[in-house]
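J.: return atomic coordinates for the entry below.
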Amino acid sequence: MQLAIAVVYLVAEDGGALLDLHLNQIAENTQVPYTIYAGVNRLLPQFRDVLTARSEVKICECQPTDLRGGEEHSHYLTQLVRMAVEDGATHVAILHTDSFPVRKGWATELATKLEDGYVLAGILLREDYDELCPCTACIFFPREFYTTYGPVPSLAEQPRDERKYRAFRRQRDRAEESCEAYGYLLYAHELPWYKLLRSNAVNDHYIIAGIYDDMIFHLSAAVRQDKRFRADSWHPDRSAHRKLLHRIACALLPSHVREAIPAWVHRLWDPQAARRGDINRSDLEQIKARLLADPQGYITYLRTGNDTGEPARQ
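T.: Numbering: from 1, shown residues only. Reported below is the predicted structural model:
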């Protein structure tokens, strides 16, 4: 196996410790030859230096874009995966800056699972009400997937005028995300894929700090400013009529219209949902602090329930 790991590196100013943990966990748990294809277009100089100093990292200058959010991530990711395949990688793994393997032999194990007829393996965020798309916090596939069904168009290149794509988007019922580039390809070709589901023995949060298939950790929302999740709309502290109104709004308003609504309007219309974003931000900071203070202890706690300290509030 010649493994390529594609990562779009967007790191917050205080994200150096998390970046080091991500790189060290990959090195510790990956037992096959690998190269990290690092998208660095908007990476701060001090973190570019960290990556440049690592022999396993290939710095990749991608074609720039003015896109932001999921479209930007997908734009760079499409180029990184293409570079990896062109360089002869036998397998490609996609990770986020805040995701990494937590068990030795993860790549070999995922490759073995694909022998059962799956075209790829990926995290499925069922806890965030997704049933269609592999999350780009971990997607793993052999080069044959790419050469047979690829290249995978970026999110901005999706066939938005086609009936099948519109049907796919109606089922998604959320803002567009970079995972949809892979999700739609699987949907359009009706391809089977292996789903890495949340396997935490304990949860400090319903989304943040997930372990998947007992092999991949994903902190979640470490870089993006908006700390709200889709599952917040169905959180127990949200009233039943607000949940119903949310469903109606999602059904009637296209995603680009919902995304254009200013934050202050959201706060006036649904203060409960706005508070969930603030609570998530606080929980994320507590969980991240605990993770960085004792990475192996905290990961063991999530995987086994062997407690090493007080969890963040629910």
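J.: in contact with the nearest residue to residue 226 once chain neighbours are set aside, which residues?
T.: Excluding the flanking residues, the one nearest residue 226 by Cβ to Cβ, 6 or more residues apart in numbering is residue 277, at 6.8 Å. For glycine as for every other residue, the C-beta is placed from the backbone atoms N, C-alpha and C. Shown in contact with residue 277 (Cβ atoms under 8 Å, 6 or more residues apart in numbering): 226-228, 232.
J.: how about residue 277, secondary structure?
T.: Three-state call for residue 277 (DSSP: H, G, I helix; E, B strand; the rest coil): helix.
J.: so residue 123 touches residue 135, yeah?
T.: Yes - taking contacts as Cβ atoms under 8 Å, residue 123 lies within contact range of residue 135: 4.1 Å.
J.: where along the stretch 51-200 of the chain do the strands fall?
T.: Assigned by DSSP state E, counting those that start in this stretch, the strands in the stretch 51-200 of the chain fall at 57-60, 91-95, 99-101, 121-123, 135-142, 194-196.
J.: of the ones you listed, which approaches residue 148 most closely?
T.: strand 135-142 (9.6 Å; Cβ to Cβ).
J.: now do the shared contacts for residue 123 and residue 135.
T.: residue 218.
J.: residue closest to the middle of the chain?
T.: Taking Cα atoms, centre = their mean, the centroid of the chain lies closest to residue 137, which sits 2.9 Å from it.
J.: tell me how far that residue lies from residue 303.
T.: Using Cβ to Cβ, to the nearest Å, residue 137 is found at 17 Å from residue 303.
J.: now residue 147: how far from residue 89?
T.: Applying Cβ to Cβ, the value for residue 147 to residue 89 is 11 Å.
J.: pick out whichever of these two has more residues nearby.
T.: Neighbour count, other Cβ atoms under 10 Å: between residue 147 and residue 89, residue 89 has more, with 23 against 10.
J.: how about that one: what's its closest non-neighbour residue?
T.: Closest residue to residue 89 apart from its sequence neighbours, by Cβ to Cβ, 6+ apart: residue 4 at 3.6 Å.
J.: again, but for residue 81
T.: Nearest residue to residue 81, sequence neighbours excluded (Cβ to Cβ, 6+ apart): residue 6, at 5.3 Å.
J.: helix or strand for the one you found, which one?
T.: strand 3-8 (DSSP states H and E).
J.: give me the pLDDT for the residue nearest to residue 226.
T.: Predicted confidence (pLDDT) for residue 277: 79.
J.: cool, and residue 169?
T.: On pLDDT, residue 169 comes in at 90.
J.: distance of it relative to residue 176?
T.: For residue 169, the distance to residue 176 - Cβ to Cβ - is 8 Å.
J.: same question for residue 62.
T.: 20 Å.
J.: kindly report the same for residue 132.
T.: Counting by Cβ to Cβ, the gap from residue 132 to residue 176 is 13 Å.
J.: who's more crowded, these two?
T.: More crowded of residue 132 and residue 176, by other Cβ under 10 Å: residue 176, with 20 against 15.
J.: now the more buried one: how far from residue 156?
T.: From residue 176 to residue 156 the distance is 9 Å (Cβ to Cβ).
J.: give me the contacts around stretch 148-157.
T.: 67, 70-71, 74-75, 77-78, 81-82, 85, 119, 146, 176-178, 180-182, 185, 189, 191.
J.: one more: stretch 173-191?
T.: Stretch 173-191 is contacted from outside by 69-71, 73-74, 77-78, 119-120, 122, 132-136, 139, 149, 152-155, 158, 164-165, 168-169, 172, 193, 230, 250-251, 255-256, 258-259, using Cβ under 8 Å, 6+ apart.
J.: for residue 25, which of the strands of the stretch 51-200 of the chain is the nearest?
T.: Distance to residue 25, taken as Cβ to Cβ, is lowest for strand 99-101 among the strands of the stretch 51-200 of the chain, at 3.8 Å.
J.: now for the closest one, which elements pack on it?
T.: Applying 3 or more Cβ pairs under 8 Å, 6 or more residues apart in numbering; DSSP states H and E, we find strand 99-101 packed against helix 16-29, strand 216-218.
J.: only C-alpha atoms, please: export the longest one in CSV.
T.: Extracted C-alpha coordinates of helix 16-29, given in CSV (Å, rounded to 0.1, in the frame of the first residue of the first chain):
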residue,chain,number,x,y,z
GLY,A,16,-0.8,24.7,17.0
ALA,A,17,-1.2,22.0,19.7
LEU,A,18,-4.1,20.4,17.9
LEU,A,19,-2.1,20.4,14.6
ASP,A,20,0.8,18.6,16.4
LEU,A,21,-1.5,16.1,17.9
HIS,A,22,-3.1,15.4,14.4
LEU,A,23,0.3,14.8,12.8
ASN,A,24,1.7,12.7,15.7
GLN,A,25,-1.4,10.5,15.8
ILE,A,26,-1.1,9.8,12.1
ALA,A,27,2.6,9.0,12.5
GLU,A,28,2.0,6.7,15.5
ASN,A,29,-0.9,4.7,14.1
